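**Q** Quick one: sequence and predicted model below, then my questions.
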Amino acid sequence: MFARLSLFAMVAALGAIGASGRALPGSQIFSRATCEATYTVVAGDTCNEIATKNDVTVSALEAANPSIDANCDNLFIGEQLCIPGTTPPPPCAENYTVKAGDVCINIANQFNITVAQLEAANTEIDPLCDNLQIGEVLCIP
């Protein structure tokens, strides 16, 4: 019985994936149990826009949708994405003002936290951490 169910689940999952290994437009590859909502990709969408429209971070969007590649350049019109529930950012233990030459790893190391913790507390930081602005005030959890 278990083998039949496993085979059925595999065939069902493969049926939603095209020859390219990507989800076919209109299909989804995620567990609805982790989704607060779903979003259907439209022409011109980017991960940043989708995340902003749905009040989640790009990192959370990518984590909830493993089919999205690292550059988020493989979205298909009609594809359904999982929108995860929002988690409030951790409280700030202190603030840090970005200086010329700052990068996330150095800021995180300076305060003995991980880059992931820094990004979770500062949802405006993009996944590559290349959008820090001099004078920007960051929350240090």
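**A** Arrived safely.
**Q** going forward, measure contacts between C-alpha atoms and count neighbours the same way
**A** OK.
**Q** What ranges does the protein have for its strands?
**A** Counting by DSSP state E, residue ranges of the strands within the chain are 35-40, 80-84, 94-97, 137-140.
**Q** In terms of pLDDT, where does residue 100 sit?
**A** Predicted confidence (pLDDT) at residue 100: the value is 96.
**Q** please renumber so the chain begins at 36
**A** In the new count, where the first residue is 36, that last one comes out as residue 135.
**Q** Chain neighbours aside, what residue packs nearest to it?
**A** If the residues on either side of it in the chain are set aside, residue 135 comes closest to residue 169, at 5.8 Å by Cα to Cα, 6 or more residues apart in numbering.
**Q** Show me how this protein divides into domains.
**A** Structural domains assigned to the chain are 58-119, 129-175, following automatic domain parsing.
**Q** Name the residues of stretch 97-113 that are buried.
**A** Judged by neighbour count using 16 or more other Cα atoms under 10 Å, the buried positions of stretch 97-113 are 97, 99-100, 102-103, 110-111, 113.
**Q** next one: stretch 161-176
**A** By 16+ other Cα under 10 Å, the buried positions in stretch 161-176 come out as 162, 167, 173-176.
**Q** I'd like to know which of these is nearest to residue 135.
**A** Within those, distances to residue 135 taken as Cα to Cα reach their minimum at residue 167, with 9.4 Å.
**Q** mind listing the helices for the protein?
**A** Defined through DSSP state H, the helices belonging to the chain, from first to last, are 37-50, 82-88, 93-99, 139-145, 150-156.
**Q** rank the ones you listed by pLDDT, which is bottom?
**A** Of all the helices of the chain, helix 37-50 has the smallest average pLDDT, which comes to a mean of 38.
**Q** sorry, back to before: deepest-packed of the domains of the chain, please.
**A** For the domains of the chain, the largest average neighbour count (mean count of other Cα atoms under 10 Å) is found in domain 58-119, namely a mean of 17.
**Q** want to try CSV for the strands of the chain, with distance to residue 81 as columns?
**A** Shown next, in CSV, are the strands of the chain (distance: least, Cα to Cα, whole Å):
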stretch, distance to residue 81
strand 70-75, 12
strand 115-119, 12
strand 129-132, 29
strand 172-175, 25
